[in-house]
Every structure is written in structure tokens, then in C-alpha cells.
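Asker: pasting the sequence and the predicted coordinates here, then a few questions.
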Amino acid sequence: MEETLLRISEVSKHFGGVYAVNGVSLDIKSGSIWGLVGPNGSGKTTLFNTVLGLFRPDEGTIYFDGRCISNLAPHEIYALGLVNAFQLPRLFPGLSVLDNMLVAARGHQGDRLLNSLFLRKSWQRQEAELADKAVEALELLQLEHLAFSQAGELSGGQRKLLEVGRGLMASPTLLLLDEPAAGVNPKLGRRIFEGIEDLRRKGLSFFIIEHRLEILFDFAHWVYVMDKGKIVVQGKPEEVVENPAFYQVYLGE
Amino acid sequence: MAVNWAQVLFNSAVTGSLYLIGAVGLTLTYGLSNFPNFAHAEFITLGAFVGYLVAETLGLGLVPALVVAFLFGGIVGILCYRGIFQPLAKRGATIIHLMVASIALGFILRYSIGALWGWSPLYFSTAWPSFDVGPLRVTALWLWLIFAAVSLALIMHFVLVKTKIGRAIRATSSNPELALASGINIDRVILITWFIGAGLAATAGIFRSAGTQIWPMTGWDIILPIFAVVILGGIGNFYGSIAAAFIIGLAENLGVVALMALGLSTEYRIAIAFLILIITLIVRPQGLAMLFRRA
Amino acid sequence: MDPLVYVLDLVVFIGIFSIVSLSLNLEFGFAGLANFGKVAFVLVGAYTYAILSQIGIPFYLCLIAGASISAIVGFLVSLPTLKLRADYLAIVFLTVGEILRLIVKSEDWIGGGVWGMTVSPAISLAGISARIDTLVNIGLVYFCLFICFLVVQLLTNSPYGRVIRAIREDEVAAEALGKDRAKYRGQMLALGSAIAGLGGGLYAQYLQFIDPYMFMPMLTFTVWIMVLLGGPANNWGALLGAGLVMLFDRGANVAKDYVTLAIDPSNLQYIMFGALIILVLLYRPQGLLRESQVKTKAMEIVRRGRDAVKNK
């Protein structure tokens, strides 16, 4: 059953006089992998940040699960199950890999002051379940052996993986990934996408910015092409690659 | 109670002038090095004592005292930056570490001054008799102070807009990476800023104490309103700090009138600066900066 | 003075300052909040205790009231700065410390103004020696210290502790991961201030006298040295730091009776404190004890899983 998860309606965001996102409308439905591509500076990351509440849209509205989220704070949007993995990993360098994973959990009872002091039983089981889940995700990402290392000590590629893993920990409904395969070797990049496909079969939906089109197009069900703040082409990957406008975006000038 | 409003306005100009000279250095180093230097208070105190040494102990008068205090303060500023803050920043110290270090430096300077000159108040021997100008009661010191602040504003404006180093300071303050990329020697810019900033603080110390007293807390006594000026003006924003200095000067003097009318201690005047600080943070944390483009 | 009482007196001071040091460690070490006005909350606790005990309220209620009022003040003061950078919070808290001291200094009706006020001790038994009296105080102070230590240990070794550390490391990322940083920071400052207020109440009742000059900014920075030296984000470090700094402080006080220096020893002591902070920040910013890890069930589970793999 496909339903619209995320609806972006006529959204614009400008900085000074420059429109980074200009009247973008698009729908993301559940159960699929959705791609967002476009040249550098076309407004992809700005669009993501606007959806996540890090920027407030200047015009337009954003709906998630039928609810308007344009005016919500980032942490409120997260609580609804719309979760993001940053393009440049923003880990907590002084915390262990395990803690970086666990802190991303959504609705953890132990995150509350009084529970952590007086009702320690209330979250112990949840903590154990999350630990199992974290181990599972770390195994998928081949980070399990680093569980107790500080995140600040990881290599660039490992940070990237941990950022994705952290997104998984939230049990999101929709996961936004900003270039999950950038900066890791091609083999690992493909493995990450295979992992994404596995999770999709389990019911997760993805909206992914990716420059490695050769990988993305093998997995995505629908691709939006963005240029100069607007959606210029959209369709199934095999249709998009046939579209002359798509080549114009990348080759034109 | 009859209030001489002209006098209140004049006093505000005097207070504002002092805060401006005290705050310029703080706001510039804050904007450039990205942390508030709490030892700025002790740069002010140090200037007062060096001024005392030159003017009284050596008997050379106030003008040489101002010059020597400016140069000495500036050199101390550079040494502190080079010896403490730069090494800390290079080792990846956080803003909190830098703030704590500046407080620690303040203690070292304050108690060294206490050890050298003692904790009992000292006085400059020059008397500043007051005389009447129309409805105003003024002293020559106050007129000099206003003159100094106006000159400072004009000179700094000229330096920031017209000279190469001034443009470099503004560029570095608004975007260090870009400044570095465009070939500006950031290290030199920062050193010059610390020199000017600490030097000005030192002269503020003399202006502050020439008509009152000097003791190791001289700078600390006025550091809170100076911080309010910096925040209200927008961190690193010179023009903002001019406006903010006079706004806070005015608010304090009006506040003193109000406190006296209410029968409260006039020591609460620092609470007025604090109130403005809090209101700024709630309403407009970036201060007046947006009203004045650049530096 | 009886040398034993002198030593016991030092033990009481270490206990009181350990409590305050734990509170700053919670705010700065774990949550990354630069509370430069710690002394304000010690002051609130002390004056609340002094005033309430004067009208005959039992000591434990006075202590609780001091902690509670301190928590409220801490929370209110933090409100304008919770979403701003660390430096704004530092400036505001520093200023609050100065203004509260100014208030108790100017308003004679609060606590006797500059003349201060005498405070009745928490537990006074008729006809006991100074030794026993100090021992009773040690019991009271270390009981409170134990409670505070338990609270901060439970809190920092829980998912909550993980969240506040994450906010310290990167507030924007934490916000994007669904953590309301303003809420957590407000809670930390309220709790930290409550603990400091408790310390203040104990301080007042032990010294049996308070005046505004006991609450100078130097007190705040003595506590900062304790936390930085002992090891931020490590509760044992906060205790170690408190012990070392109080020993140094007391040692310097004793030494100055026997050694003649060219420089006034009280000035020298503060100069050395300042130099010590800078040296620690330069050469050992992690302090003597390293940051402790978040110890919860999750850690055991992962470790156990790993051993199971190894043993296969």
C-alpha cells in the first residue's frame, strides 16, 4: 500500500537575494527509494535542511504523514520519524561509537531526567533492545569491532558509515540520506545501498541525495533531478537517463 | 526632586565615552579571536597603574602617562595572545577553555598588581575642579574624555575604512577563511588588533581613575557594563559599540536618577547594564550589528 | 588550636567543596555549560539557609529550601541563553554572581548587609567538645555528599547522561537527532544550581556566619580549578580536584605562618591558581582522570556479545 509520506509544496528558500530552492514541489511515497540528484549548488542539501527544520522555508509548506511540519523545530520533526544523515558526518567525537548509535534512538524513556534517576527499570529493557539493534547495524556497516572507540578516532569512511548507522537507530519512517556513498570505496558504497535495499524491504522509505549516479540508479525507484533550485526532470531511473534535459543539466552550461 | 536633565545627558556622554574606549578593544578581539577576553578588565587596571607610575611616581604628567600606558598595554596584550591564547587555540581549546584561561590570566594580572602596588587605593595628584558651562557642571577631565572618545571614533573609522590594515581587520573578522584565501596575513592582523585593543583598554584605565581612585579592581568594577556594550553593539562590530556605549551610558544615568527617586542604592547602576544585556539576548542576540554594515 | 580539629575542619571543607565541584562538573564537564557564576548559587543556598534557620525552621528543611530556591534562580537565569553560544551563558552567569552579591551587600534587611549575619548550626548539642562538634558536621556534610554523588553518578551513567554529553559535543547534531537542547540545558542548570545551593547551606551552617565578602568571584574559579584539574566529565575527578585544591589552599595558609616571602602570600596564592589553570589547559586539558564512559546495560551487552564471538 503506497501512501504519501512527505509532500513538499511550492517551497522556496532564499539567502539574501539568491534563491537556493525555488518553488519546489514533490511527493515521497512509502516503501520506496527516492533519489535526488543535480549538480553542485543546485539546492539539494538546502532542500533537505529545509525539510528537517534546520532552515525555515520562505514560501510553501511541507507535510509529513499528512501533518504540516514547516514550523516545527528539528527535534520535533525527528520525533515524528523523519530522520536525516548529514552529508558531512556530524558525530559526537568524544563519545564512543556505541554511544553515538544509542543516542540517536527515538523515544528512549531513559532520555528523561526523572526516569534516569528514579525509574531506572522503566528503560532498562529498551536499552537492552537498542544495544542489540546497534550491534546488528554496526555489523552491517562493519564497525562492530570499533564499538568502544571514540568516534573522533574513526577514519573518514568509517565516520560516514556511522552517520548512516545513527540514522537507522531512530527506527525512522522516512530516512533522508545526503550522499551516503560519498567518500567510501565503490565496493562499500554498493554494499551500503544493498543494506538500504534490505531495510526498504522491511518497510523503511528513503530519500537519498547521491552523486554516484551509477549506484543510485540501480536502486532508486524514482529520481528527481534538481538544477538551480528547481526540479527539472523526474521519473524512473531508466526514463531519466533517456531524457535529453537530464544531460543538459549535467553537461550543459 | 528637581533633575537637571542637561546634566544627566552630559553625564551620559561622559559615561558612554569611557565605555566606548574600554569596549572597542574587547569587541574587536572578541570578534577576531572568537572568545570574550575577561582579562580585558585587568588590561584596564594595568593601564591605570602604569599611568600612575609615569604621572606620579616619575612625575611626568598625564599625557606621557596615556602614551606609555597605551604602548605598555598593547605589548602586554600581544604577549598574552602569543603566550596563552594562541597556543591554546592551536591545541584545539574550546571557547570555554579560552574563556577560563582569560579569567585565570585576569587573576594573575590582578594579584600581581596587588602584590606590586598593594590593595589600598591610590590617587592621581592632579585635581580636576569643576566649573559651570551654562546649566552644566563639568570638569576638564570629562571634556578630555569626550574629546578622546570622539577622536577615537573618527580615527578608528578612518583606519577601518581607508587603510589596508583596517580593511584586513574587517575582512578577517567577518570571514577568516576568505581573508586567508585572499592573501591577508591573519596572524599579523590579529596581533595588531590585540595591540590596539589592549592599548585602548589601558588608556580607559587612566581616564577612569584620574578623577577617582586606582586599585586592583579598577577594571573589574566597569567590566560588566563594558560587556553589555559589546553584546548590545554586536560582537566585533565597532560602529555598533559606539551606539551601544552611549545607549548604556544614558540608561545608567537615567537609572541613577530613578534609583535615587526610589531610594535605592546607586550601586545598582551595574544592574541596569545587566538588564539591557538580558533584554538584548532575548530580543536580538546579534545586537545592533545588523543596523551597521560590517566591522 | 587543637591540631585534630584543624584536620577535621579541613575534611569538612573538602566535603562541602566536593559537593559544589560535583555540581560544576555536571554543568561544565558533562553538559558543556560554562557556569561562571557558581558562587551566586552557593550564595543563594547560604542566605536561604541563614534566613530560614533564624525563624526556627528545622535545618533539613532549610537545606532543601536553599537547594530549591537556588534551582529556581539557576533555571530562570539560564532561560535567555539556552539557545545561544557558550560565551553568552558565561557572561550572563558571571554578571548574576556580581549582582546577587551587590544585592545582599546593599540591602541590610536581607542578611545584615556588609555586616553579615550569624547562622545557627544545623545540629547543636549542648556541652560537646569542638572535636565531636566537627565530627557531627563531617557526618552531615558527607551524608549530603554521598546523596549528591549518587545522583550525579546515576544521571551520567544513563541514556540521559549520554544525551547531555552529545549536546556538549555538537548541539546542532544533537538537535537534529531529536534532542531539545534548551530543555536539557535548563534542567542541568537547575539541578547543578540545586546541588550548589545545598553546598551553600552547609557552608553557612558550618561557619555559623555569612557576609557578602565570602562570595567573591574567586570562589567560582576555585571550583573551576577543582573540576579542570580533577578531570571534567568524571565524577571521581571532581572529588579528587576538590581534595587537592583544598589541601593546597590549606597548605599555603599554614606555610605562610612559617615562611617569609618577598611577595604577600595571599596575592601569590591567587597568582599560582591562575597559572595552574593555564598550565592544566595547555598541557592536560582532560585533567588528571579521563572522561568516564556512559556505563549502562548496553555496554555490558555489547561486551558480552563480543566475548561470545571470541569464545566460539
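Answerer: Everything's here; your move.

Asker: who touches the longest helix along chain A?
Answerer: Ranked by residue count, the top helix of chain A under DSSP state H comes out as helix A:121-140. Residues from elsewhere that reach helix A:121-140 (Cβ atoms under 8 Å, 6 or more residues apart in numbering or on different chains): A:97-98, A:101-102, A:105, A:108-110, A:115-116, A:144, A:146-147, A:165, A:168-169, A:195, C:158-159, C:296-299, C:301-302, C:305. C-beta here means a position set from N, CA and C on the backbone, and glycine is covered the same way.

Asker: may I have it exported as CSV, CA atoms only?
Answerer: Presented in CSV, the C-alpha positions along helix A:121-140 are these (Å, rounded to 0.1, in the frame of the first residue of the first chain):
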residue,chain,number,x,y,z
LYS,A,121,13.6,-0.1,35.5
SER,A,122,11.5,1.8,33.0
TRP,A,123,14.2,2.0,30.4
GLN,A,124,16.5,-0.9,31.1
ARG,A,125,14.7,-3.3,28.7
GLN,A,126,14.5,-0.6,26.0
GLU,A,127,18.3,0.0,26.5
ALA,A,128,19.0,-3.7,26.0
GLU,A,129,16.9,-3.9,22.8
LEU,A,130,18.6,-0.8,21.5
ALA,A,131,22.0,-2.4,22.2
ASP,A,132,21.1,-5.4,20.2
LYS,A,133,19.9,-3.2,17.4
ALA,A,134,23.0,-1.2,17.5
VAL,A,135,25.2,-4.3,17.3
GLU,A,136,23.2,-5.5,14.3
ALA,A,137,23.6,-2.2,12.5
LEU,A,138,27.3,-2.0,13.4
GLU,A,139,27.8,-5.4,12.0
LEU,A,140,26.1,-4.5,8.8
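
Asker: quick check: what element follows it along the chain?
Answerer: Counting by DSSP states H and E, the next helix or strand C-terminal to helix A:121-140 is helix A:156-169.

Asker: packing partners for that next one?
Answerer: strand A:82-85, helix A:97-102, helix A:121-140, strand A:174-178, helix A:186-201 (3 or more Cβ pairs under 8 Å, 6 or more residues apart in numbering or on different chains; DSSP states H and E).

Asker: how does it look with 6 Å?
Answerer: strand A:82-85, helix A:97-102 (3 or more Cβ pairs under 6 Å, 6 or more residues apart in numbering or on different chains; DSSP states H and E).

Asker: what's the offset of the longest one from the middle of its chain?
Answerer: So that's helix A:97-102. 18 Å (Cα atoms, centre = their mean, to the nearest Å).

Asker: do the very next helix or strand once past that helix and chain C come into contact?
Answerer: Using DSSP H and E, the helix or strand that follows helix A:97-102 in sequence is helix A:113-118. Yes: residues of helix A:113-118 contacting chain C under Cβ under 6 Å from any Cβ of the partner chain: A:Leu113, A:Ser116, A:Leu117.

Asker: ok, and for helix A:113-118, which residues are buried?
Answerer: The neighbour-count check on helix A:113-118 (16 or more other Cβ atoms under 10 Å in any protein chain shown) flags A:Leu113, A:Asn115, A:Ser116, A:Leu117 as buried.

Asker: which one of those sits closest to chain B?
Answerer: A:Leu113 (23.0 Å; Cβ to the nearest Cβ).

Asker: excluding chain neighbours, what is closest to that closest one?
Answerer: Of all residues not flanking A:Leu113 in the chain, C:Gln187 sits nearest, at 5.2 Å (Cβ to Cβ, 6 or more residues apart in numbering or on different chains).

Asker: so what's the residue count around the one you found?
Answerer: With neighbours defined by other Cβ atoms under 10 Å in any protein chain shown, the count for C:Gln187 comes to 20.

Asker: got it, and B:Ala261?
Answerer: 10.

Asker: likewise for B:Leu116?
Answerer: By other Cβ under 10 Å, the residues close to B:Leu116 number 12.

Asker: so it belongs to a helix, correct?
Answerer: Yes: counting by DSSP: H, G, I helix; E, B strand; the rest coil, B:Leu116 falls inside a helix.

Asker: from B:Phe38, how far out is it?
Answerer: Separation of B:Leu116 from B:Phe38 (Cβ to Cβ, to the nearest Å) stands at 21 Å.

Asker: from the contacts of helix A:121-140, list the buried ones, please.
Answerer: A:97-98, A:101-102, A:105, A:108-110, A:115-116, A:144, A:146-147, A:165, A:168-169, A:195, C:158-159, C:296-299, C:301-302, C:305.

Asker: and residue 129, what's its pLDDT?
Answerer: Picked chain A for this. Note for A:Glu129: predicted pLDDT of 88.

Asker: not quite, I wanted chain C
Answerer: If you check C:Ser129, the pLDDT there is 82.

Asker: please apply the same query to A:Ala20.
Answerer: At A:Ala20, pLDDT is 87.

Asker: what residues are up against it?
Answerer: A:Lys13, A:Gly43, A:Thr46, A:Gly229 (Cβ atoms under 6 Å, 6 or more residues apart in numbering or on different chains).

Asker: now it: how far from chain B?
Answerer: A:Ala20 sits 19 Å away from chain B, going by Cβ to the nearest Cβ, to the nearest Å.

Asker: any idea which helix or strand carries that residue?
Answerer: strand A:18-29.

Asker: name the helix or strand of chain A that has the lowest mean pLDDT.
Answerer: Across the helices and strands of chain A, the lowest-confidence element by mean pLDDT, DSSP states H and E is helix A:244-251, at a mean of 81.

Asker: and for that one, what's in contact with it?
Answerer: A:Val225, A:Asp227, A:Val232, A:Val233, A:Val240.

Asker: about what we covered before: centre of the chain to whichever strand or helix holds the residue nearest to A:Leu113, how far?
Answerer: Assigned by DSSP H and E, C:Gln187 belongs to helix C:181-207. How far helix C:181-207 lies from its chain's middle: 8 Å, per Cα atoms, centre = their mean.

Asker: ok, now stretch C:149-157?
Answerer: Averaging C-alpha positions (Cα atoms, centre = their mean) puts stretch C:149-157 15 Å from its chain's average.
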